[in-house]
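Trainee: What would the 3D arrangement of this be:
(one chain, ligands or ions: 2)
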Amino acid sequence: MGQEEEQAEGGRCVTGRLAPSRQVSSGQLGHTGTGCSMADPAQTQELVYLVTGGCGFLGEHVVQMLLRREPRLRELRVFDLHLSPWLEKLDAGPVRVTAIQGDVTQAHEVEAAVAGAHVVIHMAGLVDVFGRASSETIHMVNVEGTRNVIEACVRWGTRFLVYTSSMEVVGPNTKGHPFYRGNEDTPYEAVHAHPYPCSKALAERLVLEANGREVRGGLPLVTCALRPTGIYGEGHQIMRDFYRQGLRLGSRLFRVVPASVEHGRVYVGNVAWMHVLAAQELERREGLMGGQVYFCYDSSPYKSYEDFNMEFLGPCGVRLVGTRPVVPSWLLVLLAALNALLQWLLRPLLLYAPLLNPYTLAMAKTTFTVSTTKAQQHFGYEPLFSWEESRRRTIRWVQATEG
Ligand SMILES: NC(=O)c1ccc[n+]([C@@H]2O[C@H](COP(=O)([O-])OP(=O)(O)OC[C@H]3O[C@@H](n4cnc5c(N)ncnc54)[C@H](O)[C@@H]3O)[C@@H](O)[C@H]2O)c1
Ligand SMILES: C[C@@H](CO)CCC[C@@H](C)[C@H]1CC[C@H]2[C@@H]3[C@H](O)C=C4C[C@@H](O)CC[C@]4(C)[C@H]3CC[C@]12C
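Mentor: Ligands and ions are numbered 1, 2, ... in the order given. Model prediction:
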């Protein structure tokens, strides 16, 4: 557990913008031999993987994990609206990495990327609970983008599709009902009002309903959805925002949510590992895994959102003031509503999108934690990183962000 190698540098990546036709440009990376790759030369490298959203927070970890833990990988296609510079420093060993700048809302771009892929991990999406994007845009990217991915799989005969869903497909709901250490079968009234959870729920349904559809060549499509809770780890933008806010406030943050509210969190490396494992096992266990949902979990402790963040920000010199909320609940509700009003009033002039709004407050105030072993039972998932290792890596990253 937790003994993953450090990310190695070296190699080169040939990136290519999508041509209007279905062909993507690609390049063979030189093998620099780092010891990071799990590839066994004796095994045939035959598989082509496509990761949509592969340049995002989770996507980067999935790309790295695939390179280390999928010995059958021949080509890895990384599809994203914005290609990241780290792609050029990837050490891909003998694997061909194809970077594709594309938009999931454009069916022809998705088709070109999917053609010839054996497995698709679809995680491209707009993660927006702060009102940065319109509900129409969120729907277009998260739902119609997912529809395009499914249709491309059917068209080109790609049989295995793993979708990155979210805990928010279940809750917290608009009524603030607690979901206390629940699992995939726990009854819960899933009622969505916000565009982001609505879009994730619709997209997840599309993916699950597509399981069993006949793809080109006559075989069935096999799909599953993974539902992370709040992901943390290296690259987590919101953690960085809290750290900067703490520094601005004189190395302090103020408790505003009761410590008794539990919030589910999971380390990004473990979420990435779960994606890789699910993708690998879909083929062997299609009868069991096809059409299933799995919460992403590991041994991260159950804590409130703020107390959990302090596990990393504390060692970086930030302290949390108050054992109870320092602001009365009604005032926080008022501030959140005021932020929403300001956002609406200022919209014609500028984008005002603070962390606190009625929706994020409701999320932070509602217990939502999972306790399940379904992924372990269905495809043998065990977290790769212990809590201690996840914490150590995250602290090191937070320290480095302001360094
Ligand atoms: N971060 C979390 O806590 C969390 C929790 C549960 C589920 N998820 C899900 O995990 C996935 C990845 O989330 P993340 O936290 O890495 O977010 P992210 O924003 O860092 O990554 C999303 C990636 O998708 C890309 N993208 C956005 N629109 C696109 C488009 N139209 N076409 C192609 N690419 C596009 C972005 O450029 C980005 O690189 C999302 O589907 C999200 O809903 C995230
Ligand atoms: C009241 C504030 C004072 O400290 C705290 C606000 C915290 C919020 C910004 C975050 C509380 C819960 C977070 C969400 C949760 O972890 C799960 C998510 C699911 C995922 O699909 C996307 C990210 C997120 C919505 C995440 C976003 C930030 C919070 C709302």
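
Trainee: tell me which parts of the stretch 101-250 of the chain are close to ligand 1?
Mentor: Proximity of the stretch 101-250 of the chain to ligand 1, by Cβ under 6 Å from any ligand atom, involves residues 103-105, 123-127, 141, 145, 164, 166, 200, 228, 230-231. Backbone N, C-alpha and C define where each C-beta goes, glycine included.

Trainee: For ligand 2, tell me which of those show up nearby.
Mentor: Checking those against ligand 2 by Cβ under 6 Å from any ligand atom, the ones in range are V127, S166, G230.

Trainee: how many neighbours does the last one have?
Mentor: In this case it means G230. 18 (other Cβ atoms under 10 Å).

Trainee: same check, this time on the first one
Mentor: Here the number of neighbours of V127 (other Cβ under 10 Å) works out to 22.

Trainee: so the nearest residue to it once chain neighbours are set aside is in which element?
Mentor: In space, and not counting its chain neighbours, V127 is closest to Y196: 7.1 Å by Cβ to Cβ, 6 or more residues apart in numbering. In this assignment (DSSP states H and E), Y196 forms part of helix 195-210.

Trainee: and that helix, what other elements does it pack with?
Mentor: helix 135-139, helix 145-156, strand 160-164, strand 222-228 (3 or more Cβ pairs under 8 Å, 6 or more residues apart in numbering; DSSP states H and E).

Trainee: Turn those into JSON lines, including mean neighbour count and distance to R391.
Mentor: What follows is the helices and strands packed on helix 195-210, written out as JSON lines (neighbours: other Cβ atoms under 10 Å; distance: least, Cβ to Cβ, whole Å):
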{"stretch": "helix 135-139", "mean neighbour count": "16", "distance to R391": "32"}
{"stretch": "helix 145-156", "mean neighbour count": "22", "distance to R391": "33"}
{"stretch": "strand 160-164", "mean neighbour count": "28", "distance to R391": "23"}
{"stretch": "strand 222-228", "mean neighbour count": "25", "distance to R391": "18"}
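
Trainee: Report the contact partners of the nearest residue to V110 once chain neighbours are set aside.
Mentor: Leaving aside its sequence neighbours, V110 sits nearest to N148 (Cβ to Cβ, 6+ apart; 4.3 Å). By Cβ atoms under 8 Å, 6 or more residues apart in numbering, the contact set of N148 is V104, T105, Q106, A107, V110, E111.

Trainee: And R216, by the same measure?
Mentor: Per Cβ under 8 Å, 6+ apart, neighbours of R216: V154, R155, W156, G157.

Trainee: Give me the pLDDT value at the first one.
Mentor: Per-residue confidence for V154 comes out at a pLDDT of 98.

Trainee: Surely it touches G217?
Mentor: No: counting by Cβ atoms under 8 Å, G217 is not a contact partner of V154; they are 10.4 Å apart.

Trainee: ok, for whichever residue of the chain sits closest to ligand 2, nearest residue in space, not its chain neighbours?
Mentor: Residue nearest to ligand 2 within the chain (Cβ to the nearest ligand atom): G230, separated by 2.4 Å. Distances taken as Cβ to Cβ, 6+ apart put R265 closest to G230, at 4.8 Å, once the chain neighbours are dropped.

Trainee: With L346 instead?
Mentor: Going by Cβ to Cβ, 6+ apart, L346 has Y352 as its nearest residue, at 4.6 Å.

Trainee: The one you found and E204, how far apart?
Mentor: Relative to E204, Y352 is positioned 31 Å away (Cβ to Cβ, to the nearest Å).

Trainee: Next: D80.
Mentor: Distance check for D80 against E204: by Cβ to Cβ, it reads 21 Å.

Trainee: now do G290
Mentor: Look at G290 and E204: by Cβ to Cβ, they are 14 Å apart.

Trainee: out of the two, which sits in the busier spot?
Mentor: Set G290 next to E204 and count neighbours by other Cβ under 10 Å: E204 wins out with 24 against 17.

Trainee: how far away is that one from W86?
Mentor: Applying Cβ to Cβ to E204 and W86 gives a distance of 29 Å.

Trainee: Now do the SS call for the residue nearest to P383 when sequence neighbours are not counted.
Mentor: Leaving aside its chain neighbours, P383 sits nearest to D298 (3.8 Å; criterion: Cβ to Cβ, 6+ apart). Under DSSP: H, G, I helix; E, B strand; the rest coil, the three-state class of D298 is coil.

Trainee: for the one 10 residues further on, same thing?
Mentor: F308 falls in the helix class when you classify it by three-state DSSP.

Trainee: returning to what we had before: could you list which of the contacts of N148 belong to strands?
Mentor: For the contacts of N148, membership in strands holds for none, with DSSP state E as the criterion.

Trainee: Which one of the residues you listed sits in the busiest neighbourhood?
Mentor: V110 (31 neighbours).

Trainee: give the contact list for that one.
Mentor: By Cβ under 8 Å, 6+ apart, the residues touching V110 are T52, F79, G102, V104, G145, N148, V149, A152.

Trainee: what sits against the residue most central in space within the chain?
Mentor: Against the mean C-alpha coordinate of the chain, by Cα atoms, centre = their mean, the closest residue is L58 at 4.4 Å. Going by Cβ under 8 Å, 6+ apart, L58 touches M123, T164, P228, I231, V268, V271, A272.
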